[in-house]
Structure formats: structure tokens, C-alpha cells
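A.B. asks: Sequence and computational prediction follow.
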There are 2 protein chains.
Amino acid sequence: MLRITYVLAAESGAAAESRARFIAREQSVEVPQGTAPDVEARLVGQVDAVAPGDAGHWRVVVAYEPELVGGDVTQLFNLVFGNVSLLSGVRVVDIVFPEALLAALPGPRFGIAGLRESCGAAARPLFCTAAKPVGLDVAALAEQCYRFARAGADIVKDDHNVANQAPAPFAERVRRCQEAVQRANQETGNRTLYFPHVSGPLSGLDQRLDTVQRAGCRGVLVNLLPQGVDAARSIGTRDLMVLAHPTMSGVFFGAEHGIAPEVLFGTLFRVAGADGVIYVNAGGRFTTWTVDQCRAINQRLRASLGGMRPALPVPGGGVDAERVPYWVEQYGLDTMLLIGASLLRQPDPEAATRRVVETLRGYEA
Amino acid sequence: MLRITYVLAAESGAAAESRARFIAREQSVEVPQGTAPDVEARLVGQVDAVAPGDAGHWRVVVAYEPELVGGDVTQLFNLVFGNVSLLSGVRVVDIVFPEALLAALPGPRFGIAGLRESCGAAARPLFCTAAKPVGLDVAALAEQCYRFARAGADIVKDDHNVANQAPAPFAERVRRCQEAVQRANQETGNRTLYFPHVSGPLSGLDQRLDTVQRAGCRGVLVNLLPQGVDAARSIGTRDLMVLAHPTMSGVFFGAEHGIAPEVLFGTLFRVAGADGVIYVNAGGRFTTWTVDQCRAINQRLRASLGGMRPALPVPGGGVDAERVPYWVEQYGLDTMLLIGASLLRQPDPEAATRRVVETLRGYEA
């Protein structure tokens, strides 16, 4: 059974159990009791446990038939936080999958080991940066990519706001940025990868991925939530590595309602097929998350999970280039630091990039 | 300019203005000041207004260059509530589009008039019901469709939990449910439409839509948020009508953080290309929304918006078959009532469906 743990706001244990039963029915068969008795007997979610939590809150576990999901990532998200999102005071804090369901779901196609191999980094932390801002023309973005690659960043990605805007049309940008990175690699012997941002119209996704593969790119950046939760799996089927961007994900992080960050990023994004999961780092310009919150995400991305590959944690959103050793100490070697703005703020971004690269190469045993 | 109105939590007007400037930069160029002066001068969002709101809250307007969005629905959602979702105390309460951007965005391809014409209902309210629950086999679902169609429902849709599970595989279900509805129409002279649920793997969406069109269906149901915000547009390009399901949307409706329901459903889902927008009705089993909240959604779906067609409001999630006249009085004739569970609860769902149909036909002038 697929077991989801919720923290429910309720006035009593009995009220919590009643809410749990409502959710168990809503998220499975979604019909009144007695409508289809045979189906209900087989498929209605079962309330497994109700335990008191913080004042006014109960921790409940509901077990669902994996058949409801099959291997379909859109139905997985629908089961975990679909109609239940329209209630209030419901927070998903854990999901435990049965082995057979894990085997049916995508998971990372490359994962940590695949990303490491592609970047030629056996053990050290990895380092990703971004070509930006939107509005620069293709030549300027390609020049940024060239400099970041010459300095030895592992991955140079497009900014997630850069799509197909007039100054840098998608196909031309992908070709020229990839060409710039390859040129830098030939000059330096580095193995920098360029990951273009591929979010956009669904009906053009295949064509964009054709462009990416024709250019010789090995992976992409995708805005997983606006693009669609199945996007990582779909892209993965083409043997491209997938870096998932967290844009729009903050809507899930209500104090009383939503999905805990470590479950959304650490479990769901991994199960959905992301090889690397970008999230907003503690102390950055976004949330007020603690280092422990980020460690909880990392732990789930890397933990044993059936036969599923570990995915690479990618903290970003205000990681300071000067504090690389601090973050490596906090998060360990199986981490990719996403450092963007902090490099662009320097008088010489290429030199600043090189300093980060040198620091990180020091961790290669 | 694309103008977004936010309600921001802040301790003072100056703090609100500072937050607004942060958001304006983050949601546009996302680089520190001075990184790319020419681009910044052209593309950084501009704070247009800061006005006091409820205690501790300010209402601010930021104007963005439409070039950031182009006609790309994924970038529209990214601009409206992408990285900003990872802050707290930010709520989008209005969006005003420039004409040129409206012309570039999809909007409904059929809208209210198109749905009315397909159903042969010139002026009366429309009526949608659902074949369910997940777990029934194809024969049982097709039999439900047949009975609902024989009774004269305007649209019979799949339940949004029904995807490609073993008891009712997608292609077989679509063929047989559509066949059942057409058979009923031939027997009765009704013009019921069957809208299959097409959410699922992105890489199979085209193939599923081929199946839908080969079967002769005129429209579909899609879980817009898990499937991807561009799904309505993509489906629309195939000349299929799109009914958008609100699953997962509740994450946006924080009291202090997110997007106001009338903006998400009434503006964004319409602009994204939904012909009909399902939302959770007042007094139903989900939210505690008031009738006024629902009216605000309806108003935006129907209001003049450049040259964009109006979209049909579809309140559901606990609409009682006995209270049809009440809801028509509240919402007016340009409404489609989604009545599912309330019919299935009756001893004779077909007879209950027929009563709703007769009531609604009474509104045809």
C-alpha cells in the first residue's frame, strides 16, 4: 500500500479520524458511501493510524491502493495533493511507497552517479551556474556560457526565466551556447555541460528536445510545476539528464496546508524523475528555511528508495561564492551548489567562478 | 505593460515598497542591480503604486514588460507566481493585461458560445455529470455514460481520478463510452457530449488526443495543474474543447500567500485556454467559499477581455441536484452545473438526471 502521512488540523481525535476518513474516500473513489460497493471495498483509502501531534493537530496515516496511481506521475500528484488541496489544514509530511509502485514510477534515469560521470567528478561536490538575465541577446548569453565553462563550472544552465523571448530565440540560443561551452572545453580540457531551459508550450516540447539533442547537449533545465509534473519522466525517456527548477513550488509550503518541502523536493521530485533537484537554500534571498530543513531534503534525495537512483541536491537562490566550504561542510560531497547572482556581482565573474572551481576540486580525493 | 496587483504583508509602507521592488526585480531579470544595466533599464518590473490595505498589509502594483511572457503560458505562470511563491505574505489579487499580450495568449478556442452550440443549448444553463468511480470496468462506465446521456445531460465527463488504470484502460474506455453516448443520442435525439479525461504522461498526450478524436469526441477533461499549465492551449490547437479540472489548485489559496481564486480560475485559467473552468462551489464539500467568491470567479470568466472569448463557469464539488434553481438564480444562465455525487446517491440516478435536465430546459426561452 501507498502510505501518506498527513498532519490534520482538528478539534479532537475523533474529528481528526473523521477528517482522515473523508480524505481517504475523496482521494481514492470520490463517491458517497454505497455508490459502488465492490469498488469501494477494494479501493477506498484506509485510515491506518491517528495520533496526537502539536496542539490542535493530529498525525494520521492513510493507506491507498497503488493501482490508483499505476506508474502515472500526474495521478501520483493528484492522489497526494489533488482535491485535498481544496480543503484547509491538511499537510502531507511523509509518503512511503510499496516496492512495486516504486518500480513502476520513473525515478532519476541518471541520478547522482550519472551526473558525476558526465561531469568527470568522482567524489567532489559539483557546481552549477546560470547564464542570465533574460533580455540579453544570444551572443551575450553564449559569451557568458563560454566564460563560465572556461573557468570550469560543471554545469552552465539557462536562467529559468529565459524561454523563447525575442532577444534570444530558443533554437539559436541552444546551438550557440552549446557551441560556446564546447569551444571552452576544447581549449581547457574541462568537461562543462550546458543545460538549456526547455519549459514552454507542451505541443512544442518534442521539437525543443530534438533541437537540444541535435546540438549535442546532455541535459536540460525544466520548470517542473508549470511544465507539468510528468515532464522529468518524459524528458528522461530521451536519455537527457533533468535538472528540476523549483519555480511555483512555494505554494505548497503553507505552515498548516500543503506538502512538507522534504517530501515535495526530496521524495516527489525524485520519484517523478529529476536527476538534480534545485531548491532554495537556507540563508538565501527566499525562504527562512533552516539548514536542517535543507538537510532533510538532501537526505530524502539520497536515501535508499527501492531500486531508485539517488538524485542530486542542488541548493541555490543566494548561495554566496565565498562560503562554498561552509555549505559543503553542511551538506556533504553529494551536493551541487547553484551559484549565480553571487558570481555576477563580482568585478570579474570568470575569476570568481575559477575560485569556486578550485575550492571544489580540492575535495576530489 | 502587464500589471500585477499584490497584497503584501509588511510592517510599513516603506517596507512594502522595498518588498515590491524586490519582487519586481526577482520576477523579471532576477539579477543584482548593475549586472546588466541595459537590460535592467528595459526589463526590470516597475513599482507603479503602493497603497495601505488591511492592518499590516499593502496593496502594490508592479508593471512588467509583456516581452517577458511572449505568448508562453508556462512563462506567464512563472512571472505571476514563480520564484515569488518561495517568499511568504505575497498574494496576487489582480492581473491586467495589455491588448497585445492578450492577443498573443491562447484564451478559449470555443468558450461559452462554442460549448452552447455543441450542446444545442442556446440560452439555458448547462449541466455536466461524471462517470465514476475509478475502479469500475469499461462496461460499467460506458453503461453510466449511456444512462446519463439518455437522460439528457449536456456533458458526461470521466472522473478526474480515472486515467489509465487496469480496470478501464484509456483507449478502450474512450471508444466504448463515446459509443454509448452516441447510441443514447440516436435513441433520444439528445446532443450529449462525452469528454474523456486525458491527463497522464506528457509524452503520450498526442497519442491520447488521437484516440479521442478518432472516437469522435468533441472535447476533453484535463487536470490543468498536474498536466501542465499549457495543456489547455496545446489541446485546443487540435480543435478540441477543454474543460479544466481544479485538482491541486487549492495550494494557491493561502489567506496571505498565493493567488486569489477569481484570478487563478477566472483570469489565468481562461487566458490559458480553458473553455470551461470547474471550481469548487460555495456550500459544497470542499472550501468554505461564499457565493460572492464564486460570483467573482464567474464574473472574470465572462467579462470582456480584449478579443478573448468568455469561458464557461462550472461550479461543482457538492452541487445538490435538488437545488438547481437556487444555483441558477445565484449564478445566472451562462453557467454549467457539475452534479456528480448527488445523482449517484439517488435510488435511480437516471431519473434524477432527467429531473435536472427538465428543470434546466425550462430556462430555454
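C.D. replies: That came through, no problem.

A.B. asks: So which bits of the stretch 51-200 of chain A are right by chain B?
C.D. replies: Applying C-beta under 8 Å from any C-beta of the partner chain, we find that the stretch 51-200 of chain A lies next to chain B at A:67-68, A:70, A:72-75, A:77-79, A:81-88, A:132-136, A:159-161, A:163-166, A:199-200. Where you see a C-beta, it was placed from the backbone N, CA and C, and this is true even at glycine.

A.B. asks: So which of these are in helices?
C.D. replies: A:73-75, A:77-79, A:81 (DSSP state H).

A.B. asks: For the residue positioned nearest the centre of chain A, give me its contacts.
C.D. replies: Against the mean C-alpha coordinate of chain A, by C-alpha atoms, centre = their mean, the closest residue is A:V277 at 3.2 Å. Neighbour list for A:V277: A:243-244, A:246, A:265-266, A:269-270, A:297, A:301, A:311-314 [criterion: C-beta atoms under 8 Å, 6 or more residues apart in numbering or on different chains].

A.B. asks: Quick one: classify the nearest residue to it once chain neighbours are set aside as helix, strand or coil.
C.D. replies: The spatially closest residue to A:V277, leaving aside those adjacent along the chain, is A:F269, at 4.7 Å (C-beta to C-beta, 6 or more residues apart in numbering or on different chains). Three-state call for A:F269 (DSSP: H, G, I helix; E, B strand; the rest coil): helix.

A.B. asks: Against B:V84, how distant is A:F269?
C.D. replies: Relative to B:V84, A:F269 is positioned 20 Å away (C-beta to C-beta, to the nearest Å).

A.B. asks: These two - which one has more neighbours?
C.D. replies: Neighbours per residue, other C-beta atoms under 10 Å in any protein chain shown: of A:F269 and B:V84, the larger number sits with A:F269, 28 against 23.

A.B. asks: Am I right that that one is in contact with A:R233?
C.D. replies: No: in this structure A:F269 lies outside contact range of A:R233 using C-beta atoms under 8 Å: 11.3 Å.

A.B. asks: Provide the secondary structure category for the nearest residue to A:G318 once chain neighbours are set aside.
C.D. replies: Using C-beta to C-beta, 6+ apart and skipping the chain neighbours, the partner closest in space to A:G318 is A:G284 (2.7 Å). Using three-state DSSP, the structure places A:G284 in coil.

A.B. asks: give me the residue from the stretch 201-350 of chain A nearest chain B.
C.D. replies: Scanning the stretch 201-350 of chain A for the residue nearest chain B gives A:G228, at 2.7 Å (criterion: C-beta to the nearest C-beta).

A.B. asks: can you give me phi and psi for that residue?
C.D. replies: Here is the backbone geometry of A:G228 (degrees, to the nearest 10): phi 130, psi 140.

A.B. asks: picking up where we left off before, let's see which of the contacts of A:V277 end up in helices.
C.D. replies: Counting by DSSP H, the part of these found in helices is A:269-270, A:297, A:301.

A.B. asks: Tell me who's in contact with the residue nearest to A:G135 when sequence neighbours are not counted.
C.D. replies: Spatial nearest neighbour of A:G135, chain neighbours left out: B:V39 (3.7 Å); criterion: C-beta to C-beta, 6+ apart. Listed by C-beta under 8 Å, 6+ apart, the contact partners of B:V39 are A:133-136, B:29.

A.B. asks: quick one, strands of chain A?
C.D. replies: A:2-9, A:46-52, A:57-64, A:90-96, A:126-131, A:155-158, A:193-195, A:219-223, A:241-245, A:258-259, A:276-280, A:312-316, A:336-338 (DSSP state E).

A.B. asks: Check what pLDDT A:H160 gets.
C.D. replies: For A:H160, the pLDDT comes out at 96.

A.B. asks: For it, grab the count of nearby residues.
C.D. replies: Neighbour count of A:H160, defined by other C-beta under 10 Å: 25.

A.B. asks: Before I go, just wanted to say thanks for your time.
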